[in-house]
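**Student:** pasting the sequence and the predicted coordinates here, then a few questions.
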Amino acid sequence: MERVGQQQQCVKRREDPTAVMDYDDDERQQPMPWPTKRPCSRATIQMQVQRPLHQRNNDCNNSTVDAIRGYCRKRNMPLDVYRPVMHQDSDRCGGSKFRLTDLINELHRVFAEDRVNVEYVQYLMESYRSDPAEWLKYAKFNKFRYTRNLVDAGNGKFNLMVLCWGEGDGSSIHNHPESDCIMKMLAGQLTEVRFAWPETCTANDDENEEDDRQLQPMCEIGRTILETDGVCHINDSMGLHRVENASHTDKAVSLHLYCPPFEECSTFNQHTGHKTTAKSTFWSIYGEKVSKKRAEEQVPADDN
Ligand SMILES: [Fe+2]
């Protein structure tokens, strides 16, 4: 599967995605500009608060997924520019609600293609407005650590899962081997801390090859606070990250999409950059808790 639209560097986000395209007015059709790239600076730690899409829009658009689909098919629009404007807000606009099931169905349709526009997938994730009634059955907590709960296996093309974070829970620093990770807040608040790859360490290095390497603390290159409905995207070309629930009073729930799915990733010691391999496991699958026996057989997951 070829991924297009993938950012090789840190991405400056669009501020108003509703302002570019109007489906009912061909005269106004303009491809949405790609986000402006800015170089990652190891010397500068980027701090930002990622506000949810609906808070960044001044206006709303009643386009539904079907309308977007029809628009693109009618014009034989290639997936590279398959970035329609979509904003579902039944309360304010009277439009149809974009439910979790709509998101999943649209993801299946997108991933059935040979090429997938990762930015469109991110846009779909942004377009879904968190509704606890739709995801609560997947939100299963463990009092000792965060949990990964599979929602949809994506026909082998992607994994969609709900992660549940207790107060103070956090992941290790990890990569996403040959995969894109799109993460959306469903409830609460999480901090995503981004790191540069350790010096001379690349995605393809064998962990045994670093024995002769000068180990040193990892360099933080960005920090984003994700609030409910906020979305972020990372892959190995964009760095490594750790996700943490900094609150000692509130839990948090997030929705993660990995494409393609992976069963192992690398985790890193922040103080030395030392890399080890960790297996990904599920606490529950399709809303059903994984049996204790099966859970005990699994190596604790350290990715997210
Ligand atoms: Fe991650």
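**Tutor:** Thanks, I have the structure now. Numbers count the residues shown, from 1 in each chain.
**Student:** show me the strands in the stretch 51-200 of the chain, by range?
**Tutor:** Remark: strands assigned in the stretch 51-200 of the chain by DSSP state E, counting those that start in this stretch are 115-117, 147-152, 159-165, 173-174, 180-187, 190-195.
**Student:** dump those to JSON lines, plus mean pLDDT.
**Tutor:** Below are these laid out as JSON lines (pLDDT from 0 to 100):
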{"stretch": "strand 115-117", "mean pLDDT": "88"}
{"stretch": "strand 147-152", "mean pLDDT": "97"}
{"stretch": "strand 159-165", "mean pLDDT": "97"}
{"stretch": "strand 173-174", "mean pLDDT": "97"}
{"stretch": "strand 180-187", "mean pLDDT": "96"}
{"stretch": "strand 190-195", "mean pLDDT": "97"}
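**Student:** contacts only, for the residue in the stretch 51-200 of the chain positioned nearest to the ion.
**Tutor:** With CB to the ion as the measure, Cys181 is the residue of the stretch 51-200 of the chain nearest to the ion, at 4.8 Å. All C-beta spots, glycine's among them, are computed from the backbone N, C-alpha and C. Applying CB atoms under 8 Å, 6 or more residues apart in numbering to Cys181 gives the contacts 233-235, 256-258.
**Student:** what's the closest of the strands of the stretch 51-200 of the chain to Phe282?
**Tutor:** Of all the strands of the stretch 51-200 of the chain, it is strand 147-152 that lies closest to Phe282, at 4.9 Å by CB to CB.
**Student:** of the contacts of Cys181, which is the nearest to the ion?
**Tutor:** Closest approach to the ion among the contacts of Cys181 (CB to the ion): Ile234, at 6.4 Å.
**Student:** sketch out the low-pLDDT regions of the stretch 51-200 of the chain for me.
**Tutor:** For the stretch 51-200 of the chain, applying pLDDT under 70 flags the ranges 51-95, 200.
**Student:** what residues does it have near the ion?
**Tutor:** Residues of the stretch 51-200 of the chain lying close to the ion (CB under 5 Å from the ion) are Cys181.
**Student:** quick one, helices of the stretch 51-200 of the chain?
**Tutor:** Per DSSP state H, counting those that start in this stretch, the stretch 51-200 of the chain carries helices over the ranges 53-56, 65-74, 90-93, 100-111, 118-127, 132-135.
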